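Asker: model the structure of this input:
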Amino acid sequence: PPAHYKNLSIEEIINSWSEELEKDAKSFATEAKRVAEWDAVLRDSTRSISELTDNVSRLLLQQNEVDKTLGNVGAYQAELIHSLTTLETSIDEIFSQQSGSAPQDSDIQREQAYQRVIDVSTRLKSIQSSVDSVVSDLNSAQEKTNGEGSLGQVVAILNAHYETLNRLEGSTRLIEEGLKE
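Answerer: Have a look, this model is predicted:
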């Protein structure tokens, strides 16, 4: 037997072993608890890394799709630029060929008719604003006199003229749209 046990009784030896065993058990429980906490952290980290890996894989696939789509858009844009360049060249050639030729009679007539329509439209708008002002003045006067006498007849005639002017303006718009086509 070791030297430190020689002077001790069996009971004292057992008590010292029990105390050491208790200390070691507490130390083991503390370390086991710490290991369990670290194990939980490692499991959570592993789960997070796995989710992150899945997300990165999905993002890489989506990035490949985006790159492919951008490539297609770039090709379409290059084709469009080529088409526009060709079209501009053709239009420039057509204008350069027609620069010496005089406008045709139908072009001149169409331009004159369009200008007349614009002039008529301007005049009608001016007349309409004047008639609007007169009608509002007459309506206010009529409200004061409650439609008595010849003033009521004048208002009725002016209202009829106003409606006629509105129809004329509508017809002018139709003609103007027809000429634009």
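
Asker: after the longest helix seen in the chain, next one along is what?
Answerer: Of all the elements of type helix in the chain, the one with the most residues (DSSP state H) is helix 10-98. Under the assignment DSSP states H and E, the closest C-terminal helix or strand after helix 10-98 is helix 105-145.

Asker: what is the subsequent helix or strand relative to that next one?
Answerer: Scanning onward from helix 105-145 (DSSP H and E), the first element met is helix 150-180.

Asker: off-centre distance for that following helix?
Answerer: Relative to the chain's own centre, helix 150-180 is displaced by 43 Å; criterion: Cα atoms, centre = their mean, to the nearest Å.

Asker: output the contacting helices and strands for it.
Answerer: When contacts are defined as 3 or more Cβ pairs under 8 Å, 6 or more residues apart in numbering; DSSP states H and E, helix 150-180 sits against helix 105-145. (Each C-beta comes from the backbone N, C-alpha and C, glycine too.)

Asker: for the helix it packs on, packing partners?
Answerer: If contacts are counted by 3+ Cβ pairs under 8 Å, 6+ apart, helix 105-145 sits against helix 150-180.

Asker: please spell out which residues along the helix it packs on are buried.
Answerer: Along helix 150-180, the positions that meet the burial threshold by neighbour count (16 or more other Cβ atoms under 10 Å) are 155, 158, 162, 165, 172, 175.

Asker: in JSON lines: those, plus distance to residue 17 and pLDDT.
Answerer: Compiled in JSON lines, these are given as follows (distance: Cβ to Cβ, whole Å; pLDDT from 0 to 100):
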{"residue": "155", "distance to residue 17": "125", "pLDDT": "64"}
{"residue": "158", "distance to residue 17": "126", "pLDDT": "72"}
{"residue": "162", "distance to residue 17": "121", "pLDDT": "76"}
{"residue": "165", "distance to residue 17": "122", "pLDDT": "79"}
{"residue": "172", "distance to residue 17": "118", "pLDDT": "78"}
{"residue": "175", "distance to residue 17": "119", "pLDDT": "78"}
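
Asker: could you dump the residues you listed to TSV with distance to residue 79?
Answerer: Shown next, in TSV, are these (distance: Cβ to Cβ, whole Å):
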residue	distance to residue 79
155	67
158	63
162	57
165	54
172	45
175	42
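
Asker: between the residues you listed, which is nearest residue 23?
Answerer: Top of the list for closeness to residue 23, among the buried residues of helix 150-180 and by Cβ to Cβ, is residue 172 at 109.6 Å.

Asker: from residue 35, how far out is the closest one?
Answerer: 94 Å (Cβ to Cβ, to the nearest Å).

Asker: go on, residue 160?
Answerer: Residue 160 sits 103 Å away from residue 35, taking Cβ to Cβ as the criterion.
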